[in-house]
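Colleague: Got a sequence here, can you model it:
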Amino acid sequence: MDFDLSWLLLGLPAAFALGWMASRFDIRQWRREQRDSPKAYFKGLNFLLNEQQDKAIDAFIEAVQQDPDTSDLHFALGNLFRRRGDYERAVRVHEHLLSRADLPISERQRAQHGLAQDYMRAGLFDRAETAWRALAGTPYDTEAQLALLTLHERSNDWRAAVQDAQTLERNAVGTYTGSYAARIAHYWCELAVEADAKGAAGDATEALRQAQASAPQAARPLVMAGQRAHAAGQPQQALTEWRKLMAAHPGSFGLVAVEFAECALECAEAGNESARALTELNALYLQKPSLDLLAALAVLSPSLQAQHQRAAQHLAALPSLSAAGELLRLRTAENGATADIETVQIAAAIAQASKPLQRYRCAACGFEAQRYFWHCPGCLNWDTYPPQRTEDLG
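Modeller: A predicted model of the protein is given here:
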């Protein structure tokens with residue numbers, strides 16, 4: 001069968017025309033997709049700037065569907081999911097990015113960082129720990145170390161927190177975030193509390209020794225050392241520890257002032273220790289006057305007349321509702337059965353009204369409590385509670 005070249009000559013122009021038309025169609029479609037994708041992207045940004053997160057998410061999902069290979073859109077979408085509290089979808093976005101073989105290493109690290117944040121915010125601490133550890137040696141290494149420290153604090157894994165803080169200290173990250181010595185001392189103190197609760201006195205003593213070695217001038221190890229000695233029936237040792245506290249942190253001494261006075265009375269040479277302690281407390285009161293120190297002075301000098309005089313002087317120098325209530329209480333106690341019933345009622349009313357003023361308040365978040373906290377239950381910061389009650393702070 002002979003091939004007719006005329007068909008070939010006729011077919012070539014037709015094939016060329018069809019190819020040209022197909023290419024034009026592809027170019028137009030590509031241009032349309034490129035045009036639509038930025039439009040959806042900017043639409044999402046506009047919603048985001050107007051704090052319309054739900055609409056922004058819908059716009060970004062549309063943009064991702066039009067251009068599934070754009071990682072920036074995935075990151076924006078994942079961050080939005082996390083900010084809205086939709087952690088499951090945020091995790092899926094970042095895991096999808098990590099599953100892509102073509103993702104550059106910097107983008108892969110960024111996706112791992114996003115995944116660690118997702119787990120952290122969701123409270124999945126075991127998965128968060130694994131995700132943060134995967135960022136070791138990356139540009140996110142410092143943030144990962146700090147996150148691990150926070151994670152171990154939240155889970156009360158104090159021994160791991162000690163290791164984290166020591167690593168940060170060794171790596172000179174302290175120049176960026178400050179020294180970790182005081183934090184490490186707190187972790188050892190927490191371990192001492194746990195050991196005492198389990199009846200492991202030896203472990204508690206060792207943990208407290210580590211705390212004092214980590215931060216020799218820190219207040220909490222000195223407070224705890226005195227309290228443990230007092231509980232163990234060693235009042236003289238307790239006085240020794242608390243005298244160190246008085247010298248290093250006079251403002252914090254009010255936390256143990258009453259116990260200090262009681263220990264002085266319990267010592268074998270109670271007369272000598274009581275006189276010495278009374279002199280020390282009077283000197284400290286002149287330096288840092290507070291109602292806690294007045295209460296300690298009352299233990300060592302219990303006469304109603306002496307207490308009345310001190311309370312009146314305190315009220316004149318530092319007027320407060322609690323001081324006024326204490327003065328009225330002492331006056332009714334002095335009068336005994338002949339006390340005016342109205343004065344008694346006024347004293348009781350003032351005592352009730354002054355209770356909220358006798359709390360400790362966190363300087364960082366304002367959380368108030370009747371007892372003193374080294375670690376704020378509200379904002380989870382350390383050493384943010386002034387050791388004076390709110391009324392004494394003025």
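Colleague: how close does the closest residue to Phe81 other than its chain neighbours get to Asn79?
Modeller: Nearest in space to Phe81, with sequence neighbours left out and distances taken as Cβ to Cβ, 6 or more residues apart in numbering, is Ala90 at 3.7 Å. C-beta: built from backbone N, CA, C; applies to glycine. In this view, Ala90 and Asn79 are 8 Å apart by Cβ to Cβ, to the nearest Å.
Colleague: Between these two, tell me which one has more neighbours.
Modeller: Ala90 (25 against 18; other Cβ atoms under 10 Å).
Colleague: Enumerate every residue touching that one.
Modeller: Neighbour list for Ala90: Gly78, Asn79, Phe81, Arg82, Gly114, Asp118 [criterion: Cβ atoms under 8 Å, 6 or more residues apart in numbering].
Colleague: Closest one of the residues you listed to Asn381?
Modeller: Sorting these by distance to Asn381 puts Arg82 at the head of the list, at 23.4 Å, by Cβ to Cβ.
Colleague: avg pLDDT for the helix or strand where Ala351 lies?
Modeller: Assessed by DSSP states H and E, Ala351 sits inside helix 341-354. In this model, helix 341-354 has an average pLDDT of 82.
Colleague: pLDDT weak spots in the stretch 201-350 of the chain?
Modeller: For the stretch 201-350 of the chain, applying pLDDT under 70 flags the ranges 268, 270, 337-339.
Colleague: Please read the previous query as pertaining to the stretch 51-200 of the chain.
Modeller: Using pLDDT under 70, the flagged stretches of the stretch 51-200 of the chain are 51-71, 73-74, 172-178.
Colleague: can you pull the buried residues of stretch 380-387?
Modeller: Trp382, Asp383, Thr384, Tyr385, Pro386, Pro387 (16 or more other Cβ atoms under 10 Å).
Colleague: Closest one to Leu284 out of those, please.
Modeller: When the buried residues of stretch 380-387 are compared against Leu284 (criterion: Cβ to Cβ), the nearest one is Pro387, at 12.9 Å.
Colleague: in what helix or strand does Pro221 lie?
Modeller: Here Pro221 sits within helix 219-231, counting by DSSP H and E.
Colleague: Need the CA coordinates for that helix. PDB is fine.
Modeller: The C-alpha trace of helix 219-231 is given here as PDB (Å, rounded to 0.1, in the frame of the first residue of the first chain):
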ATOM      1  CA  ALA A 219      16.300  32.200 100.700                       C
ATOM      2  CA  ARG A 220      14.300  29.100 100.300                       C
ATOM      3  CA  PRO A 221      17.000  26.500 101.200                       C
ATOM      4  CA  LEU A 222      17.700  28.400 104.400                       C
ATOM      5  CA  VAL A 223      14.000  28.600 105.300                       C
ATOM      6  CA  MET A 224      13.600  24.900 104.700                       C
ATOM      7  CA  ALA A 225      16.800  23.900 106.500                       C
ATOM      8  CA  GLY A 226      15.500  25.700 109.600                       C
ATOM      9  CA  GLN A 227      12.100  24.200 109.400                       C
ATOM     10  CA  ARG A 228      13.400  20.700 109.000                       C
ATOM     11  CA  ALA A 229      15.700  21.100 112.000                       C
ATOM     12  CA  HIS A 230      12.900  22.500 114.100                       C
ATOM     13  CA  ALA A 231      10.600  19.500 113.100                       C
END
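Colleague: And that helix, what does it pack against?
Modeller: Applying 3 or more Cβ pairs under 8 Å, 6 or more residues apart in numbering; DSSP states H and E, we find helix 219-231 packed against helix 181-197, helix 201-214, helix 235-248, helix 257-266.
Colleague: coming back round to it: what is in contact with Ala90 and Asn79 at once?
Modeller: Common neighbours of Ala90 and Asn79 (Cβ under 8 Å, 6+ apart) are Gly114.
Colleague: circling back: give me the subset of the contacts of Ala90 lying in strands.
Modeller: Using DSSP state E to define strands, no part of the contacts of Ala90 is located there.
Colleague: Distance to His375 added to the residues you listed, as TSV?
Modeller: Converted to TSV, the contacts of Ala90 look like this (distance: Cβ to Cβ, whole Å):
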residue	distance to His375
Gly78	32
Asn79	30
Phe81	31
Arg82	27
Gly114	29
Asp118	26
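Colleague: Which strands and helices lie in contact with the helix holding Ala351?
Modeller: Using 3+ Cβ pairs under 8 Å, 6+ apart, helix 341-354 sits against helix 321-335.
Colleague: Summarise which helices and strands the helix it packs on is packed against.
Modeller: helix 291-300, helix 304-317, helix 341-354.
Colleague: Contacts only, for the spatially closest residue to Ser322 that is not a sequence neighbour.
Modeller: Excluding the flanking residues, the one nearest Ser322 by Cβ to Cβ, 6+ apart is Ser354, at 4.3 Å. Contact analysis of Ser354 by Cβ under 8 Å, 6+ apart lists Ser320, Leu321, Ser322, Gly325, Glu391.
Colleague: Nearest to Ala204 among the residues you listed?
Modeller: Glu391 (34.0 Å).
Colleague: so how far is Ala351 from the closest one?
Modeller: 13 Å.
Colleague: Likewise for Ser320?
Modeller: Distance from Ser320 to Ala351, by Cβ to Cβ: 13 Å.
Colleague: Asp383 contacts Ala185, correct?
Modeller: No: the criterion here is Cβ atoms under 8 Å, and Asp383 misses it with Ala185 at 10.3 Å.
Colleague: which SS state does Tyr372 fall under?
Modeller: Here Tyr372 is coil, with the state taken from DSSP: H, G, I helix; E, B strand; the rest coil.
Colleague: Kindly report the same for Ala101.
Modeller: Ala101 falls in the coil class when you classify it by three-state DSSP.
Colleague: Now it. Its backbone dihedrals?
Modeller: When read as degrees, to the nearest 10, the backbone of Ala101 gives phi -70, psi -20.
Colleague: How much space separates it from Arg159?
Modeller: Where Arg159 is concerned, Ala101 sits at a distance of 39 Å (Cβ to Cβ).
Colleague: Name the residue in these two with the higher neighbour count.
Modeller: Arg159 (14 against 4).
Colleague: give the contact list for the spatially closest residue to the more buried one that is not a sequence neighbour.
Modeller: Spatially, and ignoring its direct neighbours in sequence, Arg159 is nearest to Leu191 (6.6 Å; Cβ to Cβ, 6+ apart). Residues in contact with Leu191 (Cβ under 8 Å, 6+ apart) are Trp158, Arg159, Val162, Asp203, Ala204, Ala207.
Colleague: I appreciate the help and will end here.
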